[in-house]
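Engineer: sequence and predicted structure are below.
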Amino acid sequence: MKAMIVRENGPLSNLQLEEVADPVAGPGQVVVGVRACSVNFADSLMVEGTYQVRPPKPFSPGLEVSGYVAELGEGVTGFAVGDQVQALTNWGGFAEKVAVPVDALLKVPAGMPHEDVASFVVAYGTSHVALDYRARLQAGEWLVVTGAGGGVGLTAVEIGHLMGARVIALAGDDDKLEVARSKGAEFTVNYKDEDVRERLKEITEGKGVNVVYDAVGGDIFRACFRAMAPEGRILVIGFASGDIPQVPANHLLVKNIELIGFYWGAYKEFKNQVLVDSAKRLLQWYEDGKIKPHISKKFPLEETVEAIRSLRDRKSSGKVVVMMGADA
């Protein structure tokens, strides 16, 4: 089969298309014939060797795939060859086939496009669990989403609006802010042109914002933090800016602010039912037509490096997907 392979960590150019042996389903495993793999920021870090998960080399990155069951390992029940599935792979997704544990599989609605399936669980799951389970977002509250044009940020806009919040989308590009408006943002702020703190105070008529969903960090985090309402909650999702802000603990006391760290993948290890319940709710919303992934770019397998660069360099909005097989 064909796969994008890393033999030595380093720049993205180290990711090369190769012919490798097909995977075999061991006990409790399933081989998935991959039709689509979404691109995540972690893929770039994994190639560089700076991600918290470091696969043994050689390896293929790719965390989240859509495809069909191609082979069942010993002891596997509940799935049949040909079933359409979504799989969380940890790595290995940028390949024509990948072997995964059966508990990493999720059946999806019949006919759901592969690019939608591959773009769904991590991005929507991150925003739903963060906003609903961790931040306890309530209808009518002010929600700020930073990096609102990105794959995860855009789902936070969409889900926040669906939950009844008044959403303020922040991004550094007017076109991305237009997409955020189409997903339910009531107000938009271009942080390259506007004073974020002052604009948030103006929008909320001086009351401040209730929940901040921050995947950017740096000065954007600091500006949002200073514009929070009493009993506000700020979700730390990531640091796309590369600047990890430091928060003086005494500042949390003044307004009784909650600083909430959130890493979706950790729940797979210690509280997986939270993710299972979230996935069921999200798929029902999808079937009801309430949510739909925004996919701005699709690439064939051999252009995976360009796909990752497109996301890393912020040249895309929403999700970027690598397509394989008949869907490429």
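Structural biologist: Arrived safely.

Engineer: doesn't residue 126 make contact with residue 155?
Structural biologist: Yes - the pair residue 155 and residue 126 qualifies as a contact (C-beta atoms under 8 Å) at a distance of 7.3 Å. For the C-beta atoms, the positions are set from N, CA and C on the backbone; glycine is no exception.

Engineer: domain parsing for this protein?
Structural biologist: Split into domains by automatic domain parsing, the chain comes to 2-120+294-327, 122-266.

Engineer: now render those domains as JSON lines, adding distance to residue 288.
Structural biologist: Rendered in JSON lines, the data for these read as follows (distance: least, C-beta to C-beta, whole Å):
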{"stretch": "domain 2-120+294-327", "distance to residue 288": "11"}
{"stretch": "domain 122-266", "distance to residue 288": "10"}
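
Engineer: who wins for proximity to residue 274 among the ones you listed?
Structural biologist: Comparing the domains of the chain against residue 274 with C-beta to C-beta, the closest turns out to be domain 122-266 (6.0 Å).

Engineer: rounded mean pLDDT for that closest one, please.
Structural biologist: The average pLDDT within domain 122-266 is 95.

Engineer: and it, how far apart are its ends?
Structural biologist: Distance between the two ends of domain 122-266: 12 Å, counting by C-alpha to C-alpha, to the nearest Å.

Engineer: return the distance of that domain from the chain's centre.
Structural biologist: Here domain 122-266 is found 15 Å from its chain centre; the criterion is C-alpha atoms, centre = their mean, to the nearest Å.

Engineer: closest to the centroid, which residue in this structure?
Structural biologist: Central residue of the chain (C-alpha atoms, centre = their mean): residue 123, 2.8 Å from the mean position.

Engineer: what sits up against the host helix or strand of that residue?
Structural biologist: Element membership for residue 123, per DSSP states H and E: helix 121-128. With contacts defined as C-beta atoms under 8 Å, 6 or more residues apart in numbering, helix 121-128 is touched by 38, 40, 63-64, 86, 88, 106, 151-152, 154-156, 158-160, 213, 237, 262, 264, 275, 278-279, 281-282, 291, 293, 319.

Engineer: so what secondary structure elements neighbour the next helix-or-strand element following that helix?
Structural biologist: Downstream of helix 121-128, the first helix or strand assigned by DSSP H and E is strand 142-145. Where contact means 3 or more C-beta pairs under 8 Å, 6 or more residues apart in numbering; DSSP states H and E, strand 142-145 is packed against helix 151-162, strand 166-171, strand 209-214.

Engineer: now do the first one against strand 209-214, angle only.
Structural biologist: Counting by axes from the mean of the first three to the mean of the last three C-alpha atoms, to 10 degrees, helix 151-162 lies at 160 degrees to strand 209-214.

Engineer: which strands and helices sit next to helix 151-162?
Structural biologist: helix 121-128, strand 142-145, strand 166-171, helix 174-182, strand 209-214.

Engineer: contact partners of the fourth one?
Structural biologist: Contacts to helix 174-182, defined as C-beta under 8 Å, 6+ apart, come from residues 145, 148-150, 153-154, 157, 169, 171, 185, 188-190, 294, 317-318.

Engineer: so how far is stretch 270-285 off the chain centroid?
Structural biologist: The answer for stretch 270-285 is 15 Å, by C-alpha atoms, centre = their mean.

Engineer: so for that stretch, mean pLDDT?
Structural biologist: Per-residue scores along stretch 270-285 average to 89.

Engineer: list of residues touching it?
Structural biologist: Outside stretch 270-285, the residues touching it (C-beta under 8 Å, 6+ apart) are 106, 108-109, 120-121, 124-125, 128-129, 132-133, 162, 264, 267-268, 291.

Engineer: ok, now stretch 288-302?
Structural biologist: Residues from elsewhere that reach stretch 288-302 (C-beta under 8 Å, 6+ apart): 2, 4, 17, 94-96, 115-116, 119-120, 123-124, 154-155, 158-159, 162, 179, 183, 282, 285-286, 306-307, 310, 316-324, 328.
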